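*Asks:* Could you look at this predicted model? Sequence included:
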Amino acid sequence: MVLYFKARPEDGDYTIFMGIDKYENEELIKYGFPEYIWFHVDKMSSAHVYLRLPKGQTIDNVPEGVLEDCAQLVKANSIQGNKENDVDVVYTPWQNLKKTASMDVGQVGFLNPKMVRTVRVEKRINEIINRLNRTKVERKPDLKAEQEAVNVAERSERKQQFREKKRQEDLERLEREKQAELRSYKNLMVTEKMTSNKEIASTTKSLQELEEDFM
């Protein structure tokens, strides 16, 4: 089961979600997307909370209010972290998560520690948690199928973009060839290079002259 929440609407349409247990967390780790940002209480057990970003947005421009919602939610879903003040929450792009065969279910590391950010949560803010809980929806998604469907759609879009690029390149090539042909034709029609009928007549022997030459 995956729990879905809506972040504060004044900052945009952002979806926050988390697995209900470590096995669901494992699925989310395996079948994520580049648009996901992963959150966890630092050095404590907690839920794995994800934020889905719009395409084109990065970890560097997440609205502060949305960041606070995610940090509060992950703190509230940590047994130890929920009891303490001044808790650090780490977050990083889903693509930066590292999973090896030796790790326990739901356990992750980082491919690049420099891509991990930290936000300090001074205390639990019940107003935020209550607002998020009012938007909570439980779903049991087929994460593998969702990932494959998105991948198929993206591959189809890339193919369409490639075909459109190829078509545009062909049109540009044909236009260049047409312009080159026109330039070549114009060169052939330059006045200095042309001979008039009068000039041809003046340099051509008459029938009588030809007969005289023959005799």
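*Replies:* All right, it came through fine. Numbering: from 1, shown residues only.

*Asks:* since we're on residue 44, how many residues are nearby?
*Replies:* The local packing of residue 44 (other Cβ atoms under 10 Å) involves 17 other residues. C-beta coordinates here come from the backbone N, C-alpha and C atoms, glycine included.

*Asks:* cool, and residue 182?
*Replies:* Residue 182 has 10 neighbours, counted by other Cβ under 10 Å.

*Asks:* Confirm that it sits in a strand.
*Replies:* No: under DSSP: H, G, I helix; E, B strand; the rest coil, residue 182 falls outside any strand and is assigned helix.

*Asks:* Now do the helix or strand where residue 118 lies: which elements does it pack against?
*Replies:* Using DSSP states H and E, residue 118 sits in strand 117-121. Helices and strands touching strand 117-121, as assessed by 3 or more Cβ pairs under 8 Å, 6 or more residues apart in numbering; DSSP states H and E, comprise helix 64-76, strand 87-93.

*Asks:* again, only this time at 10 Å
*Replies:* With contacts taken as 3 or more Cβ pairs under 10 Å, 6 or more residues apart in numbering; DSSP states H and E, strand 117-121 sits against strand 36-41, helix 64-76, strand 87-93.

*Asks:* what about the strands in the chain?
*Replies:* Residue ranges of the strands in the chain, as given by DSSP state E, are 2-6, 15-19, 36-41, 49-52, 87-93, 97-98, 109-110, 117-121, 137-139.

*Asks:* so how far is the longest one from its chain's centroid?
*Replies:* This points to strand 87-93. 23 Å (Cα atoms, centre = their mean, to the nearest Å).

*Asks:* What of stretch 59-68?
*Replies:* Chain-centre distance of stretch 59-68: 19 Å, with Cα atoms, centre = their mean.

*Asks:* May I ask which helix or strand of the chain has the lowest mean pLDDT?
*Replies:* Using mean pLDDT, DSSP states H and E, the weakest-scoring helix or strand in the chain turns out to be helix 207-214, at a mean of 53.
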